[in-house]
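Undergrad: Sequence first, then the predicted structure, then my questions.
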Amino acid sequence: MVMFISFNRKSLKGVVITFSAVLEGLFFIGIIALIYWLFLSKYLELHVSMEEFTVERKSILLANALISSEKIAVVEEGKINRGVLDAEKLDKFFVKSDDWLADIKLLLNQVDIGISYPNSINLVRILDLEDCNNEKCKGWIALLSSQINIEGVSISKFSTCLIENIKVDAGSLFRGIFGGLILALWQPWDIDKCLKNSAPSGIRNVFSTSKITSEGLPILIKYPNGEVHVGRISVYVGEFI
Amino acid sequence: MSKVDRMKGVSVSDVIGVGGVILILFLFFFYILPKTFSFVIENLSSSSSINVAKQLAALISVSASSYSTQIEFLVREEVKYKVEVNGRVIKIIPKFKTTYAEKSSARESFLVDLINYVQDDVNRFIVLKERVGDGYVYKLQ
């Protein structure tokens, strides 16, 4: 009987040790998961911020280039009036937003004024803020024609990129033990980067989400009768491939 | 079940727990942490390919807003790049070892038609816009 109790206690001791080991393990996993979550959330936040900033910057640059373009701005005595758009020129290149066929015309007539981002949707909306009815203002819209740049798949680019990024450092030994020769020589993100840089831009961009922003710039619209109205130009840039 | 077998079970579960923790630590310190820092450093560095590509693309795009421009952009004396302009896309490949590993080369799109250009080992760029006839010509030198 004595023998049985002592045996039972010993077996319970084992259970206690296992239980504490599991708790310790869970504690460590919890700590690591917390750090991982913190870094991952910040990392994603950074990525999103940078992407948003890029689209914002592109839209502002496009809007600035448009309000300075002699194709739509007022030109007097050989000088471009920056920010003053000519209603007659807008009628010529753009589609009137109050036209009931505006959406179809917009898609059918892409405007080429020599300014647009490639592989993108470049949508421009100009509003006359002094010609509004029930909070709906008249204006013009246009889809700028966009060049398509698609490159071929490059095996040589991929291999050159891999050779350029071979890394032999203190971490190589650990990476080699866990992941073999490939991970010993290259960090996973190096391989990922080489794949992305070697793939055609069209394929790479298919996986990125469409980016659209709607910030606008103040402008003036000059009509043929000499009237000048206050308006706003908004530019939407979205990479589609 | 003998006592030895039970102890074996305990030590096996310990090994799995410790191994799991080591694996997570390994992933964190050798993958997640360096990747995060790499991304931050690359975006802060003024000489990273991604920032040089952005700067150049922006300068080229900005030149569309004037009659004629000559913009000079010097990155840093000690760094060199390979530059490729194709259509309205510029590609920058650094010719030096980077401490960050997020991207070694970068592409950026710009607004106007630039004359196609390939140049190796450069760090000084001049963006030119000139009036030729009724139109404009954009060049990178």
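TA: The structure has been received and is ready for your questions. Numbering: from 1, shown residues only, chains lettered A, B, ... in the order given.

Undergrad: okay, CA-based contacts and neighbour counts for the rest of this
TA: Noted.

Undergrad: Please parse the chain into its domains.
TA: You didn't pick a chain, so chain A it is. For chain A, the structural domains run A:1-152+A:200-241, A:155-199, going by automatic domain parsing.

Undergrad: think we crossed wires, I meant chain B
TA: B:1-44, B:49-140.

Undergrad: Can you check which of those domains gets nearest to A:Ser97?
TA: domain B:49-140 (24.8 Å; CA to CA).

Undergrad: I'd like the mean pLDDT over the closest one, please.
TA: For domain B:49-140, the mean pLDDT works out to 82.

Undergrad: Could you confirm whether it reaches chain A?
TA: Yes. With CA under 8 Å from any CA of the partner chain as the measure, domain B:49-140 is seen reaching chain A through B:58, B:61-62, B:64-66, B:87-89, B:101-105, B:109-113.

Undergrad: circling back: between the domains of chain A, which one is closest to B:Phe28.
TA: When those are compared by CA to CA, domain A:1-152+A:200-241 sits nearest B:Phe28, at 7.0 Å.

Undergrad: quick one: least confident helix or strand in chain A?
TA: None of the helices or strands of chain A scores lower by mean pLDDT, DSSP states H and E than helix A:201-206, at a mean of 44.

Undergrad: And the longest strand seen in chain B, what's buried?
TA: Identified as the longest strand of chain B according to DSSP state E is strand B:124-132. By neighbour count on 16 or more other CA atoms under 10 Å in any protein chain shown, the buried set for strand B:124-132 is B:126-129.

Undergrad: Turn those residues into a markdown table, including distance to A:Phe94.
TA: Shown next, in a markdown table, are the buried residues of strand B:124-132 (distance: CA to CA, whole Å):
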| residue | distance to A:Phe94 |
| --- | --- |
| B:Ile126 | 34 |
| B:Val127 | 30 |
| B:Leu128 | 29 |
| B:Lys129 | 26 |
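
Undergrad: Show me the strands in chain B, by range?
TA: In chain B, the strands defined using DSSP E lie at B:69-74, B:81-86, B:89-94, B:106-109, B:117-122, B:124-132, B:135-140.

Undergrad: what's the answer for chain A, then?
TA: Using DSSP E, strands in chain A cover A:73-76, A:79-86, A:95-96, A:110-111, A:120-133, A:136-144, A:216-222, A:228-239.

Undergrad: Chain B: which of the ones you listed is closest?
TA: strand A:79-86 (8.7 Å; CA to the nearest CA).

Undergrad: The closest one: which residues count as buried?
TA: Neighbour counts over strand A:79-86 (16+ other CA under 10 Å) mark A:80-86 as buried.

Undergrad: between these, which is nearest B:Lys95?
TA: For the buried residues of strand A:79-86, the nearest to B:Lys95 is A:Arg82 (40.2 Å; CA to CA).

Undergrad: hmm, back to that, ranking the strands of chain B by burial, who's on top?
TA: Mean neighbours per residue, mean count of other CA atoms under 10 Å in any protein chain shown, is largest over the strands of chain B for strand B:89-94, with a mean of 23.

Undergrad: That one: partners in the sheet, and parallel or antiparallel?
TA: Applying DSSP bridges, strand B:89-94 is found paired with strand B:81-86 (antiparallel), strand B:106-109 (antiparallel).

Undergrad: closest to A:Asp128 out of those strands?
TA: Among the strands paired with strand B:89-94, the nearest to A:Asp128 by CA to CA is strand B:106-109 (30.5 Å).

Undergrad: Can I get the closest one in PDB, CA atoms only?
TA: Output in PDB follows, covering the C-alpha atoms of strand B:106-109 (Å, rounded to 0.1, in the frame of the first residue of the first chain):
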ATOM      1  CA  ALA B 106      13.200  50.400 -57.300                       C
ATOM      2  CA  ARG B 107      10.900  51.500 -60.100                       C
ATOM      3  CA  GLU B 108       8.800  54.600 -60.100                       C
ATOM      4  CA  SER B 109       6.500  56.100 -62.700                       C
END
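
Undergrad: mind checking how far A:Ala65 is from A:Val168?
TA: Relative to A:Val168, A:Ala65 is positioned 47 Å away (CA to CA, to the nearest Å).

Undergrad: do the same with B:Leu74
TA: Distance from B:Leu74 to A:Val168, counting by CA to CA: 32 Å.

Undergrad: B:Ser45 now?
TA: 24 Å.

Undergrad: Same question for B:Pro94.
TA: Applying CA to CA to B:Pro94 and A:Val168 gives a distance of 20 Å.

Undergrad: ditto for A:Lys42
TA: For A:Lys42, the distance to A:Val168 - CA to CA - is 29 Å.

Undergrad: re the thing from before, just want to know which of A:Ala65 and A:Val168 has more residues nearby.
TA: A:Ala65 (23 against 12; other CA atoms under 10 Å in any protein chain shown).

Undergrad: Wait, the more buried one touches B:Ala58, no?
TA: No. With contacts counted by CA atoms under 8 Å, A:Ala65 stays clear of B:Ala58, the gap being 11.2 Å.

Undergrad: Contact partners for residue 21?
TA: The chain I'm using is chain A. Contacts for A:Ala21 were tallied using CA atoms under 8 Å, 6 or more residues apart in numbering or on different chains; they are B:14, B:17.

Undergrad: was after chain B, sorry
TA: Contacts for B:Val21 (CA under 8 Å, 6+ apart) come out as A:25, A:28-29.

Undergrad: Repeat that for B:Glu77.
TA: B:Asn123.

Undergrad: Now it: phi and psi?
TA: phi -60, psi -40 (degrees, to the nearest 10).
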